[in-house]
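S.K.: heads up, no residue letters with this:
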């Protein structure tokens, strides 16, 4: 089937490089080859366990390496591919960013601790920030100086994010914040946080939320790591007690933070759906070959299904990129990508253990590749829940993509103060 380049057709797209894309890919690949080495199977395993290591010194070294790598990208003119040059970026196109990420994944240049910063915060500030905010916050992220985390979810407001109860009360030129956030990736090494809090309880819940830029070293910010089933403490809970945030750190309008949060969530879903879990079809195929089970009919079916899912997600990602190229901000189509990536993650978790057979019950040094695939199986729910659960994505797709009627929700129109709450 012949396809047409997405930049010249809104109806069809191509996953093959055009001449322009191929030239950019060659330039990016040459850059990475000049400053690093090709990633190998051993590198992938080692990098995964570097992130999984709970030893504080090992983790600190990992963060420092990421910062050094991000600074090197900035110094060479490769940081912030789509960020306008006046804010320290390259001023390029979305398709260039996609190719750049693909090529970076082939080399040992790790900047994963900046996923929230660059994939979520920067594009949100570009859309909703003032010029002063853009100049203050974006360049330090691109230079690798400041790492950000997301302070959205709460113990009593997970899937129903708009039901959050963290309060921000105006006090002159500051807001005083009290509440609790949870599942905050990387908050233990972040300098800044993107926070949403309730500033008005007398309007419907979606209309009384404000988005803040908060210094994580402010008095009253208490970050507590959460141990996951994998043994890793990647997530955190954050307690905010009388935290003072300057009014100048409001992103967007006071009480208008839900729209800002949606921009960030759309970018998060696109990032998760495009990035996956770092383990691809080739890794499963290599494992099956090394363990000598490629003749097993069940394994072959599992591998074939994995390949098909991988290709579908590739095309879904290309469609999302086509919309972005046409000048649109990420929209509900990112929920389609995110949902498929979540289901792909679940199926791949099963496949990794299926290929290993009885060996799938082992862990650590006794297991194949030091238990990397076991870790991926146990850790899959972090990705599947992050950025919105599968149920939330289905609701978004049903209502905003398919146009189905929404379920009756009287809590959407009642003032937040009148909505019954637990406790």
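M.R.: All right, it came through fine. Treat the numbers as computed from the prediction; the structure is a model and nothing was measured.
S.K.: Skip ahead from the worst-scoring helix or strand of the chain on mean pLDDT and say which helix or strand is next.
M.R.: For the chain, using mean pLDDT, DSSP states H and E, the weakest element among its helices and strands is helix 41-52, scoring a mean of 50. Beyond helix 41-52 on the C-terminal side, the first helix or strand identified by DSSP states H and E is helix 56-75.
S.K.: Give the buried residues for the helix or strand just after that next one.
M.R.: The element immediately downstream of helix 56-75 (helix or strand, assigned by DSSP H and E) is helix 94-104. Within helix 94-104, the residues scored as buried using 16 or more other C-beta atoms under 10 Å are 94, 95, 96, 97, 98, 99, 100, 101, 103, 104. Every residue, glycine included, has its C-beta placed from N, CA and C.
S.K.: With respect to residue 314, which of those is nearest?
M.R.: Among these, residue 98 lies closest to residue 314 (C-beta to C-beta), at 10.9 Å.
S.K.: What is the burial count for the closest residue to residue 398 other than its chain neighbours?
M.R.: Closest residue to residue 398 apart from its sequence neighbours, by C-beta to C-beta, 6 or more residues apart in numbering: residue 404 at 4.4 Å. Residue 404: 11 surrounding residues under other C-beta atoms under 10 Å.
S.K.: same deal with the one 5 residues further on?
M.R.: Other residues near residue 409 come to 9 when the count uses other C-beta under 10 Å.
S.K.: what is the rounded mean pLDDT of stretch 249-266?
M.R.: Stretch 249-266 shows a mean pLDDT of 95.
S.K.: Quick check: which ranges of the stretch 1-150 of the chain have low pLDDT?
M.R.: Applying pLDDT under 70 to the stretch 1-150 of the chain flags the ranges 1-15, 40-54.
S.K.: From residue 205, how far out is residue 413?
M.R.: 10 Å (C-beta to C-beta, to the nearest Å).
S.K.: which of the two has more neighbours?
M.R.: Neighbour totals were compared for residue 413 and residue 205, and residue 205 leads with 25 against 9 (other C-beta under 10 Å).
S.K.: I figured the more buried one was touching residue 417, is that so?
M.R.: No. At 9.8 Å, residue 205 does not count as touching residue 417 under the criterion of C-beta atoms under 8 Å.
S.K.: For the stretch 201-350 of the chain, just list every one of the helices.
M.R.: 257-275, 281-290, 297-325, 333-356 (DSSP state H, counting those that start in this stretch).
S.K.: Those helices into TSV, with extra columns for mean neighbour count?
M.R.: Shown next, in TSV, are the helices of the stretch 201-350 of the chain (neighbours: other C-beta atoms under 10 Å):
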stretch	mean neighbour count
helix 257-275	23
helix 281-290	16
helix 297-325	16
helix 333-356	22
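S.K.: Make JSON lines from the ones you listed and add distance to residue 123 to it.
M.R.: Shown next, in JSON lines, are the helices of the stretch 201-350 of the chain (distance: least, C-beta to C-beta, whole Å):
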{"stretch": "helix 257-275", "distance to residue 123": "5"}
{"stretch": "helix 281-290", "distance to residue 123": "29"}
{"stretch": "helix 297-325", "distance to residue 123": "10"}
{"stretch": "helix 333-356", "distance to residue 123": "12"}
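S.K.: Would you mind giving the domain segments of the chain?
M.R.: Residue ranges for the domains of the chain, per automatic domain parsing: 19-110, 150-256, 276-401.
S.K.: who does the lengthiest strand in the chain pair up with?
M.R.: Looking across the chain with DSSP state E, the single longest strand is strand 235-246. The pairing partners recorded for strand 235-246 under DSSP bridges are strand 174-182 (antiparallel), strand 221-226 (antiparallel).
S.K.: What residues of it count as buried?
M.R.: So for strand 235-246, counting by 16+ other C-beta under 10 Å, buried means 235, 236, 237, 238, 240, 243, 244, 245.
S.K.: For residue 336, give its distance to residue 402.
M.R.: In terms of C-beta to C-beta, residue 336 sits 10 Å off from residue 402.
S.K.: thought residue 371 was touching residue 361?
M.R.: No. Using C-beta under 8 Å, residue 371 is not in contact with residue 361, being 10.3 Å away.
S.K.: Quick check on the two: which one has the bigger neighbour count.
M.R.: Neighbours were counted for residue 371 and for residue 361 using other C-beta under 10 Å; residue 371 has more, 23 against 11.
S.K.: So what does residue 411 have for phi and psi?
M.R.: When read as degrees, to the nearest 10, the backbone of residue 411 gives phi -70, psi -10.
S.K.: residue with max distance from the center of this protein?
M.R.: Most distant from the centre of the chain: residue 295, at 36.7 Å, with distances by C-alpha atoms, centre = their mean.
S.K.: And that one, what's its pLDDT?
M.R.: Taking residue 295 on its own, its pLDDT is 96.
S.K.: Can you report phi and psi for it?
M.R.: phi -90, psi -10.
S.K.: any idea how far residue 347 is from it?
M.R.: Distance from residue 295 to residue 347, by C-beta to C-beta: 21 Å.
S.K.: now what about the longest strand of the chain, what contacts it?
M.R.: If you take C-beta atoms under 8 Å, 6 or more residues apart in numbering as the criterion, strand 235-246 is touched by 149, 151, 166, 168, 171, 173-188, 193, 195, 212-215, 218-226, 228, 382.
S.K.: what do you get for stretch 30-41?
M.R.: Defining contact as C-beta under 8 Å, 6+ apart, one finds that stretch 30-41 is touched by 47, 72, 76, 78, 103-109, 283, 286, 369.
S.K.: Just the buried subset of the residues you listed, please.
M.R.: Using 16+ other C-beta under 10 Å as the burial test, the contacts of stretch 30-41 include 47, 72, 78, 103, 104, 107, 108, 109, 283, 369 as buried.
S.K.: And those residues, which two are furthest apart?
M.R.: Between any two of those (C-beta to C-beta), the greatest distance is 30.6 Å, for 78 and 369.
S.K.: Of the strands paired with strand 235-246, which stretch is the most buried?
M.R.: strand 174-182 (a mean of 20; mean count of other C-beta atoms under 10 Å).
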